[in-house]
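[1] Kindly generate the corresponding structure for this input.
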Amino acid sequence: IIFCGVHFMAETADILSSSQHKVILPNLTAGCSMADMANIDDVLDCWDELTELLGADSVTPITYMNSTAAIKALCGRNDGIVCTSSNAKASFEWAFRKSERVLFLPDQHLGRNTAFQLGIDLDEMVVWNPFKPLGGHTKDELIKSKIILWQGHCSVHTRFSVAQIETARKQDPAVNVIVHPECFLEVVQAADLNGSTEFISKTIANAPSGSSWAIGTEISLVNRIAQENPDKTVFCLDSVVCPCSTMYRIHPAYLLWILDGLNENIVVNEISVDAQTSKEARIALDRMLSVI
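    I've put the predicted structure just below:
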């Protein structure tokens, strides 16, 4: 039995696990608002329009892990890849070795920050609005683009601002600011460091005792890092603290309900991806695991 906390991870666990495993999502409403911003029908329409205009060989689809199995499958069958925040840069480099453009789903900010890190100009990036013809762009704008960003975002990471960073620096001029690349570009640029959750955790763990850290990421991770580093000052940039409402839908009552069912040999809320989707998504996931 594999327990997962959000829907897209449950789907991924089912794709990567064997037939002997059963994947359970204790609360079926636990998901990711960012992943929900990329509906597969809208993405298929986008892909059809782009390939008709630009040619399939000129665009490589990359989807962030926070996406549905159906979108991972689209990437798998179209010579694309899944990425995490840890290997986004390597995935972009992999894609550009074989095509001149990238379609990045579903988080525009991770895509923009990664492309900017690679030296791609902002005027070579466009944001695809699924509710407008050609994503809200002219044919010439799409032809000139190198990065096509899906109009999606993380509701938690877009709460962080440059003003919050400036406030933290006024309160403690020695503070180190570290943020996740799902934040706005200007926030990432204003911070001292940016990177994946693993990067944030390791950076602070290896920092000198007595150092101060303002973090721009989900509050549960900030709290855990603070507990693991009692010799340092660790706090969240956002004083209001807005947790991810969809991730927080798993709590002990749901786990107890699931465990009670298993005790009676009843599997509740099993997540199963159909064979064809699983096969195609696995291709993109295997590419992710091979790119570092």
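
[2] Let me know the average pLDDT across the host helix or strand of I204.
    Secondary structure assignment for I204, by DSSP states H and E: helix 197-205. Average pLDDT, helix 197-205: 97.

[3] Give the buried residues for it.
    197, 199-201, 203-204 (16 or more other Cβ atoms under 10 Å). Just so you know, the C-beta spots here come from the backbone N, C-alpha and C atoms, and that holds for glycine as well.

[4] Next: stretch 47-58.
    47, 50-51, 54.

[5] Please name every helix or strand in contact with the helix holding I204.
    Helix 197-205 sits against strand 176-179, strand 212-216, helix 219-228, with contacts defined as 3 or more Cβ pairs under 8 Å, 6 or more residues apart in numbering; DSSP states H and E.

[6] So which of these is nearest D192?
    For the helices and strands packed on helix 197-205, the distance to D192 is smallest for strand 176-179, at 4.9 Å, taking Cβ to Cβ.

[7] which residues touch the helix or strand just after that closest one?
    Proceeding N to C from strand 176-179, the next assigned helix or strand is helix 185-190, under DSSP H and E. Helix 185-190 is contacted from outside by 109, 112-113, 116, 122, 160-162, 165-166, 177, 179, 181, 194, 216, using Cβ atoms under 8 Å, 6 or more residues apart in numbering.

[8] before we move on, what about stretch 252-268?
    1, 3, 22, 24, 26-27, 269.

[9] and if we set it to 7 Å?
    1, 22, 24, 26-27, 269 (Cβ atoms under 7 Å, 6 or more residues apart in numbering).

[10] which among those end up buried?
    24, 26-27, 269.

[11] could you dump those to TSV with secondary structure, pLDDT and distance to T63?
    As requested, the buried ones among the contacts of stretch 252-268 are arranged in TSV below (DSSP: H, G, I helix; E, B strand; the rest coil; pLDDT from 0 to 100; distance: Cβ to Cβ, whole Å):
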residue	secondary structure	pLDDT	distance to T63
I24	strand	90	24
P26	coil	84	25
N27	coil	79	24
N269	coil	87	24
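
[12] which pair in those spans the largest distance?
    I24 and N27 (10.3 Å).

[13] Strands of the stretch 1-150 of the chain, start to end?
    In the stretch 1-150 of the chain, the strands defined using DSSP state E, counting those that start in this stretch lie at 2-3, 23-24, 59-64, 81-83, 101-105, 125-128, 147-150.

[14] For I15, find the nearest of those.
    With Cβ to Cβ as the measure, strand 23-24 is the member of the strands of the stretch 1-150 of the chain nearest I15 (9.3 Å).

[15] From the contact counts, what lies against the closest one?
    If you count contacts as 3 or more Cβ pairs under 7 Å, 6 or more residues apart in numbering; DSSP states H and E, strand 23-24 packs onto strand 2-3, helix 7-16.

[16] what's next to it, contact-wise?
    1-4, 10, 13-14, 17, 258, 267, 269-271.

[17] Please name whichever of the strands of the stretch 1-150 of the chain is nearest to Q171.
    strand 59-64 (33.1 Å).

[18] any idea how far that closest one is from the chain center?
    Relative to the centre of its chain, strand 59-64 is centred 13 Å away, using Cα atoms, centre = their mean, to the nearest Å.

[19] That one vs helix 7-16, what angle?
    Relative orientation of strand 59-64 and helix 7-16, computed by axes from the mean of the first three to the mean of the last three Cα atoms, to 10 degrees: 110 degrees.

[20] quick one, strand 59-64 and strand 101-105 angle?
    30 degrees.
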